[in-house]
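J.: Would you be able to build a 3D model of this:
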Amino acid sequence: MQAGLIFHHLGYATRSIEQSLETFAFLGYLPQRIEEDEVNHARLALLVREGSPDIELVEGLGDDSPVKSMLDKNGVCPYHVCYEADAFDAVIAGFRKHGFSLLFRPRPAVLFDGRRICYLYHKNMGLVELLERRGDGGRLTGDG
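T.: Alright, predicted model coming up:
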């Protein structure tokens, strides 16, 4: 079992944050933040509802966004689960040791106040986003 993980949110790919906001509002979710993140090629909204997991809506920026190909194939859909990680770099190493592929080196995310994120993929699970827990000072060195 990978220690130091806390469930953070479920991510949905969407063509339009505004249209999805209306539907999630019906379920009681309200937007906490909406941001444009050019580094990660996405427009993002974090939705909250008391007593429920948070939802992140991800709208791709431009035709080269990875979200666009997912939407073309599946339409609006959940596509990743996010865990906040203590000892961020050590957790990444643990995932890689268990067969997960790192899709990109950790980088800052606007929606999460510059904390680092990365995505990992496993054929038996799909996409996992890791979010650096506040206060984590560890940094990747070398190739990661």
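J.: how close does residue 26 sit to residue 54?
T.: Distance, residue 26 to residue 54, by C-beta to C-beta, to the nearest Å: 17 Å. All C-beta spots, glycine's among them, are computed from the backbone N, C-alpha and C.
J.: ok, these two, which is more surrounded?
T.: Between residue 26 and residue 54, counted using other C-beta atoms under 10 Å, residue 54 has the larger neighbour count: 16 against 8.
J.: For the more buried one, name its beta-bridge partners.
T.: residue 9 (DSSP bridges).
J.: mind listing what it touches?
T.: Each residue near residue 54 by C-beta atoms under 8 Å, 6 or more residues apart in numbering is listed here: 8, 9, 10, 32, 46, 47, 48.
J.: How much space separates it from residue 111?
T.: For residue 54, the distance to residue 111 - C-beta to C-beta - is 11 Å.
J.: intersection of neighbour lists for the two?
T.: Listed as contacting both residue 54 and residue 111 by C-beta under 8 Å, 6+ apart are residue 46.
J.: all helices of this structure, in order?
T.: 17-26, 66-74, 88-97 (DSSP state H).
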